[in-house]
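**Q** coordinates only, sequence not included:
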């Protein structure tokens, strides 16, 4: 149960109603309903969220988001990205591999990214040139920026959703 009130569409300000209707197509999730207490932040967050990771293919985007969310134990974000990862072709076997930190089923490029984001999430101040070099060999500078920003975004939402006690709005998948 949410630890703060969520802004329901019928109780939303005109500014928030416009965001709910035009940006979220009338279907705000609980994260958006919590953020709606700060309409300007909600508007900017949605725009930022939509821009992150766009130089990465969708499968890698979902692999990263799910792995970071699993490391952080964020049920809300993990479940939302498990649901969206189906459209990128991920399966229950992929989710189980990510949960176990086993990247062997993925391409060398995906393995490089997953290994890096794990360290970036767990111990960012310990990143060395040796950790970074494989990224340079597999990704453009834009891709590297997206990997860092996507990892940071996942860490941010992981620290927002579950700690606020936000309930899932979708059926939970067993991982």
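**A** Structure received. Just so we're clear, the structure is a prediction, and the values are computed from it rather than from any experiment. Residues are numbered from 1 along each chain as shown.
**Q** make it CA atoms for all contacts and neighbour counts henceforth
**A** Fine.
**Q** and stretch 2-17, how far out from the chain's middle?
**A** When distances are taken as Cα atoms, centre = their mean, to the nearest Å, stretch 2-17 is centred 23 Å away from the chain's centroid.
**Q** That one: end-to-end distance?
**A** 21 Å (Cα to Cα, to the nearest Å).
**Q** Averaged pLDDT, stretch 142-161. What do you get?
**A** Averaged across stretch 142-161, pLDDT comes to 98.
**Q** Tell me the buried residues in stretch 142-152?
**A** By neighbour count on 16 or more other Cα atoms under 10 Å, the buried set for stretch 142-152 is 143, 144, 146, 147, 148, 149, 150, 151, 152.
**Q** Which helix or strand contains the first one?
**A** Spelled out, that is residue 143. Assigned by DSSP states H and E, residue 143 belongs to helix 141-158.
**Q** what distance separates that helix from the middle of the whole chain?
**A** 9 Å.
**Q** Give the other helices and strands that it contacts.
**A** Packing partners of helix 141-158 (3 or more Cα pairs under 8 Å, 6 or more residues apart in numbering; DSSP states H and E): helix 58-72, helix 75-85, helix 108-122.
**Q** let's go with 7 Å and repeat that
**A** helix 58-72 (3 or more Cα pairs under 7 Å, 6 or more residues apart in numbering; DSSP states H and E).
**Q** okay, the angle between the helix it packs on and helix 141-158?
**A** Put simply, helix 58-72 runs at 40 degrees to helix 141-158, going by axes from the mean of the first three to the mean of the last three Cα atoms, to 10 degrees.
**Q** Give me the contact list for helix 58-72.
**A** 53, 77-78, 81-82, 85, 88, 98-99, 110, 114, 118, 121, 151, 154-155, 158 (Cα atoms under 7 Å, 6 or more residues apart in numbering).
**Q** Can you pull out the low-pLDDT segments for the protein?
**A** Low-confidence segments of the chain, defined by pLDDT under 70: none present.
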